[in-house]
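A.B. asks: Pasting the sequence and the predicted coordinates here, then a few questions.
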Amino acid sequence: MKRLGLRARVTAAFAVGALLLAASMALFSYDLTRHSLLEERERTAVRAAYFDAAVVRTGLDTEDPDVVEVLRSLDTGTGRRPLLHRDGQWHSRSAEIDGSPIPADLQRVVRSGEAAVQRIMVAGQPTLLVGVPLSDTASYYELTSLREVARTLQVLALTLTAVAIMTAGSGAALGWYATRHSVRPLTAVADAAERIAAGDYTTRLDAATDPDLTRLSTSFNRMVDELVERIDRDRRFAADVSHELRSPLQTLAAAASVLTRRREHHDERTATAARLVAEEISRFQRLVDDLIELARTEQPAQRELVDVVTLARETCRARGLPDDLVRAGPGP
């Protein structure tokens, strides 16, 4: 896998940071809201259960009470369900008499004379159970549905999740925007490097563009100055060496010419050696001339656009090669 670029890494860092921050805030908000809602609902349910337990206790104190009618007299609405455990039997205001939702541990606590509160699941729905002791033989229980609270918390969780995702997207967009402006100086450095590679040695960076990149700009300009100085030094060295070699080569060429003109007075081996020496000296002279010409063309002021095909054909003619070796065709 290819490594991510600088812009992609910074953008990903912004997105991850925004997501973590949003997720932390969302979890904190959700937990705080959940705790507040459940605590408030629990307080309300406990007050209502105590009030209803007092009504039931008053109804049971009468002679030969009708338990079902006493329970039906309670104003519990649709969100609360009363249950009465008396003399080992369960009573409710409907035909369904069932104490199975009541945990055994909570029943023992209530029978011992202490009120108890517990969150349980009844038929797959969250429910708050409040138990209030009425007497040694009677206990009152009230089941309060927490379905609305659960639904509210579900909507809150979805909303906070959407907000976290949107925050992460905003962080990514902010990171992309920030890196676009942050890497602009680096783009200028890359453009300057390309122009220098193309031969424009006058290219420099403005050190005053970004105070934070002053050191980079200064170092880059110093590097270009040293590069130009080295190229100029190498060019002068090549030119000096070529000029220094030209004089001894001319002397050798003259001597080789004399040997070549007098080769009929020498034996075959000496004549062959003289011919080879003359050819190599001539080749050496061409190399020195090319080196001098190359040193001259290294100067930017002497550069000019040329037709490559024409130049190649002229070179072939200068080397004694046919022109048809060079063919111009469409690019790749």
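C.D. replies: Good, I have the coordinates.
A.B. asks: residue ranges of the helices in the stretch 151-300 of the chain, please?
C.D. replies: Here the stretch 151-300 of the chain has its helices, by DSSP state H, counting those that start in this stretch, at 184-197, 214-261, 268-297.
A.B. asks: Show me what counts as buried in the first one.
C.D. replies: Using 16 or more other CB atoms under 10 Å as the test for burial, helix 184-197 gives 185, 188-189, 192, 196. (Each C-beta comes from the backbone N, C-alpha and C, glycine too.)
A.B. asks: Export the helices of the stretch 151-300 of the chain to a markdown table and append columns for distance to T159 and mean pLDDT.
C.D. replies: Listed next are the helices of the stretch 151-300 of the chain as a markdown table, based on distance: least, CB to CB, whole Å; pLDDT from 0 to 100:
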| stretch | distance to T159 | mean pLDDT |
| --- | --- | --- |
| helix 184-197 | 38 | 80 |
| helix 214-261 | 46 | 78 |
| helix 268-297 | 72 | 75 |
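A.B. asks: rewinding a little: and which of the buried residues of helix 184-197 is nearest L311?
C.D. replies: When those are compared for distance to L311, the smallest value, 24.7 Å, is given by I196; criterion: CB to CB.
A.B. asks: Now that closest one: closest residue in space, sequence neighbours ignored.
C.D. replies: Excluding the flanking residues, the one nearest I196 by CB to CB, 6 or more residues apart in numbering is T203, at 5.3 Å.
A.B. asks: On the pLDDT front, check that neighbour for me.
C.D. replies: Looking at T203, its pLDDT is 82.
A.B. asks: Would you mind listing the buried residues in stretch 123-133?
C.D. replies: Under the neighbour-count criterion of 16+ other CB under 10 Å, stretch 123-133 has 126-133 buried.
A.B. asks: how about JSON lines for these, with pLDDT added?
C.D. replies: Formatted as JSON lines, the entries for these read as follows, by pLDDT from 0 to 100:
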{"residue": "P126", "pLDDT": "89"}
{"residue": "T127", "pLDDT": "89"}
{"residue": "L128", "pLDDT": "89"}
{"residue": "L129", "pLDDT": "90"}
{"residue": "V130", "pLDDT": "91"}
{"residue": "G131", "pLDDT": "91"}
{"residue": "V132", "pLDDT": "91"}
{"residue": "P133", "pLDDT": "91"}
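A.B. asks: now the strands for the stretch 1-150 of the chain?
C.D. replies: 80-86, 89-91, 116-122, 125-133, 138-145 (DSSP state E, counting those that start in this stretch).
A.B. asks: got the buried residues for the shortest one?
C.D. replies: Read that as strand 89-91. Residues H91 are the ones in strand 89-91 that count as buried (16+ other CB under 10 Å).
A.B. asks: same thing with the first one?
C.D. replies: Going by neighbour count (16+ other CB under 10 Å), the buried part of strand 80-86 is 80-86.
A.B. asks: can you dump the C-alpha coordinates of stretch 77-94 into PDB?
C.D. replies: Written as PDB, here are the backbone C-alpha positions of stretch 77-94 (Å, rounded to 0.1, in the frame of the first residue of the first chain):
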ATOM      1  CA  GLY A  77     -52.900   5.700  34.300                       C
ATOM      2  CA  THR A  78     -51.400   3.500  31.600                       C
ATOM      3  CA  GLY A  79     -47.800   3.800  32.600                       C
ATOM      4  CA  ARG A  80     -48.000   2.100  36.000                       C
ATOM      5  CA  ARG A  81     -49.200  -1.300  37.100                       C
ATOM      6  CA  PRO A  82     -50.100  -2.000  40.800                       C
ATOM      7  CA  LEU A  83     -49.600  -5.400  42.400                       C
ATOM      8  CA  LEU A  84     -50.500  -6.500  45.900                       C
ATOM      9  CA  HIS A  85     -49.000  -9.500  47.700                       C
ATOM     10  CA  ARG A  86     -51.300 -10.300  50.700                       C
ATOM     11  CA  ASP A  87     -51.500 -13.500  52.800                       C
ATOM     12  CA  GLY A  88     -49.400 -15.400  50.200                       C
ATOM     13  CA  GLN A  89     -51.600 -14.400  47.200                       C
ATOM     14  CA  TRP A  90     -51.100 -11.900  44.400                       C
ATOM     15  CA  HIS A  91     -53.800  -9.400  43.600                       C
ATOM     16  CA  SER A  92     -54.100  -6.900  40.700                       C
ATOM     17  CA  ARG A  93     -56.900  -4.900  39.300                       C
ATOM     18  CA  SER A  94     -57.200  -7.100  36.200                       C
END
